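A.B. asks: After the sequence you'll find the predicted model.
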Amino acid sequence: MLSAEAARLAAIEVLSPTLANQGGGPWPTLAGARIFDSRSAALNELDDRAGEDGYTPVVAVYSRQSRADTRGEAAEFDDTDASIEIEFVAELAVVVNDDGDPFVDAMAGDDPEARLVLAALCGQIRRTLLFAPEGDLFRDMIRGVRRIDWEPFAVPELGLRFQRTTMRLACLARDDVFSDAAGLPEPLRTLAARLPADSYAKARLDELGAHFAAIGRVALEDIRIAPAADAEFVSSTGDLR
């Protein structure tokens, strides 16, 4: 659903504000600018100045399952209740070299202090999106949050625990609204109007809008009613003659 994409892009703008990326404002979370759209961090995106612990807080944002259910058997096809899931994978990323090419992974092992840093990062995401004034952009794309799940990443059978938490927001949402006009459907159109002109999310929406051409329809000239297919018309919205 496009409403899920709208919520995801809004969340990225809130957590990685265009103003902060341009050096004009603070970052709302410990991850700073490292808020990634539907992907994990790359090697060159980690902090070279990381402290002794060597980790870099990062967040990847994904849109997951979405659905739209009609409100009853007699409901019209566009009379729906929609729901979406937005997923935030927060981790303390490190460079791992396992007898091969280095790659980025979550810090492994138990570390009480690191765990508190990860918990703070997840708390900052939730507070910024759902309670802070700047989170209004995200909240405007949904109708409410029905459930929040936190899922740690571990393989307990092997005694492995990683500094990674997946936070999943199950949201009530507005269904997509389409029109015959070219350009973005709602709620993407509303989001695009609120975004900074040079923001990452606005650039993605401009690309998406190009895929929606105008729909051409044959104009309805009149409606005529007759008692039988070959009978005289008894009523019409146009001229009966």
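C.D. replies: Ah, there it is.

A.B. asks: how about the helices in this structure?
C.D. replies: With DSSP state H as the criterion, the chain has helices at 2-15, 18-21, 112-130, 136-139, 188-194, 200-209.

A.B. asks: Just put those in JSON lines and tack on distance to Thr80, mean pLDDT and mean neighbour count.
C.D. replies: The C-beta positions use only the backbone N, C-alpha and C, and glycine is treated the same way. Formatted as JSON lines, those follow (distance: least, Cβ to Cβ, whole Å; pLDDT from 0 to 100; neighbours: other Cβ atoms under 10 Å):
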{"stretch": "helix 2-15", "distance to Thr80": "11", "mean pLDDT": "97", "mean neighbour count": "25"}
{"stretch": "helix 18-21", "distance to Thr80": "33", "mean pLDDT": "96", "mean neighbour count": "16"}
{"stretch": "helix 112-130", "distance to Thr80": "24", "mean pLDDT": "95", "mean neighbour count": "16"}
{"stretch": "helix 136-139", "distance to Thr80": "20", "mean pLDDT": "97", "mean neighbour count": "19"}
{"stretch": "helix 188-194", "distance to Thr80": "17", "mean pLDDT": "96", "mean neighbour count": "18"}
{"stretch": "helix 200-209", "distance to Thr80": "22", "mean pLDDT": "95", "mean neighbour count": "17"}
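
A.B. asks: Take those helices and write them to TSV, including distance to Leu169.
C.D. replies: Putting the helices of the chain into TSV (distance: least, Cβ to Cβ, whole Å) gives the following:
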stretch	distance to Leu169
helix 2-15	8
helix 18-21	22
helix 112-130	8
helix 136-139	9
helix 188-194	17
helix 200-209	17
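
A.B. asks: List the contacts of stretch 14-28.
C.D. replies: 29, 31, 33, 35, 59, 61, 124-125, 128-129, 132, 134-135, 137-138, 195-196, 198-200 (Cβ atoms under 8 Å, 6 or more residues apart in numbering).
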